[in-house]
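# Quick one, structure for this:
(one chain, ligands or ions: 1)
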Amino acid sequence: MGIQGRQPSPAVDRAARAATRRAFRDGEREPNGEAVVVRDLVKRYGERVAVDGLSFAIQHKEIFALLGPNGAGKTTTIEILEGYRKADGGEVRVLGLDPQRDGAELRTRIGVMLQSGGIYPTVTPIEFLDLLSHFYEDSEDPRELIHLVGLDDVARVRYRQLSGGQQRRLALAAALVGKPELLFLDEPTTGMDPQARRLTWSLISSLRERGITVLLTTHFMEEAERLADRVAIIDNGRLVALASPRELTQAETDEVQFTAPAGLDLVALRALPCALDARETQPGQYVIRTKRPADLLAELTAWARDAGVLLQTIRVGHESLEEVFLRLTGHELRE
Ligand code: ATP
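Sure, this is the predicted structure:
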């Protein structure tokens, strides 16, 4: 699929629109088994266009990531899907419902993990989940949830004394209390240390077995890469790519990475017939993109021999999602 170029690719846009078009025919409730359908979504804040014609669809039981830098429009999109914000244009369906019109019904079927705050500082995790469970006719057992998110040891510790990671995990447990069919996770691991992040990742993966559809937003590439079945990369409120992490990183180009003395002649490396470009990512570390890695290796080693350069640790691999993002949008994910 066409995922190259800095402008939103027409091919990406066409594919996303085709997938969503049928969903609005005949007012079907859950057309084609899609849990979420977004078509031509627009949201403005005054002059600022936060979401600019976004289209995508999420299948039931899929873990779907909205990935983009700060201000890309992820939270705005998710809040429109949750029914907390009104769109200025386009259409959305969530579990077959219109979040504005059918908000009351929708809220009993979705789980929302808030970015932060919203929990009373002196409440304990077990008290909080107990309280929440009374709002639902059919709820998860708070003790089981505490165990699921790994908070057994702090079940009776006041919220304000929990670490940032523990607070986030409590927010995740809270989102699960009402046995949601669809879970919204807005930056679920922001503020967590690496260990808590890994724990949360395995927890989110395990939701797959419960048959829960998950929409998560993140600006951590690794998070999207590890968790998501498919990733929508958005930038400036527009879709720039939509595919599985594997498809995104294996599309079209490979990379030859190698270490050698710092300061090699990049002009000469770029001139190798099979090189698309060449970069020194850190002193002595080089990356050359290519569509023909075997041929490039031959060219590179021949060049090194002639130039008297000793190449070390040569590796052929795919672009990382981080590099794909950089190539598609022209800027880093975290700025
Ligand atoms: P982050 O990763 O920082 O949470 P995001 O991708 O979720 O970013 P949004 O929060 O949806 O992005 O914001 C998209 C754009 O809309 C940004 O430029 C932001 O400044 C602007 N914006 C968001 N909320 C409002 C608001 N209530 N009023 C005015 N502008 C807003």
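# Relative to the ligand, how far out is the nearest residue in space to K86 that is not next to it in sequence?
For K86, ignoring the flanking residues on the chain, the nearest one in space by C-beta to C-beta, 6 or more residues apart in numbering is Q100 at 6.1 Å. The way it works is simple: take the backbone N, C-alpha and C, and place the C-beta from them, glycine included. Distance from Q100 to the ligand, counting by C-beta to the nearest ligand atom, to the nearest Å: 17 Å.
# swap in I204?
The span separating I204 from the ligand equals 18 Å under the rule C-beta to the nearest ligand atom.
# Can you name the element that comes right after the one helix or strand that residue maps to?
Here I204 sits within helix 194-207, counting by DSSP states H and E. Downstream of helix 194-207, the first helix or strand assigned by DSSP H and E is strand 213-218.
# which helices and strands does that next one pack with?
Applying 3 or more C-beta pairs under 8 Å, 6 or more residues apart in numbering; DSSP states H and E, one finds that strand 213-218 contacts strand 34-45, strand 48-59, strand 63-67, helix 74-82, strand 182-186, helix 194-207, helix 221-227.
# is any part of the last one close to the ligand?
No. Legend: contact between helix 221-227 and the ligand by C-beta under 6 Å from any ligand atom is lacking; minimum distance shown is 12.5 Å.
# Make 25 the starting number, not 1.
Sounds good: first residue 25 from here, last item helix 245-251.
# What confidence value was assigned to Q219?
Note on Q219: pLDDT of 84.
# Let me see the contact set for it.
Applying C-beta atoms under 8 Å, 6 or more residues apart in numbering to Q219 gives the contacts G189.
# Give me the neighbour count for the residue of the stretch 175-324 of the chain at minimum distance from the ligand.
Among all residues of the stretch 175-324 of the chain, H243 sits closest to the ligand, at 5.5 Å; criterion: C-beta to the nearest ligand atom. H243: 19 surrounding residues under other C-beta atoms under 10 Å.
# what about the helices and strands packed on strand 237-242, which gets the closest to D165?
Comparing these by their distance to D165 (C-beta to C-beta), the top pick is helix 218-231, with 16.4 Å.
# Of the helices and strands packed on strand 237-242, which stretch is the most buried?
strand 87-91 (a mean of 25; mean count of other C-beta atoms under 10 Å).
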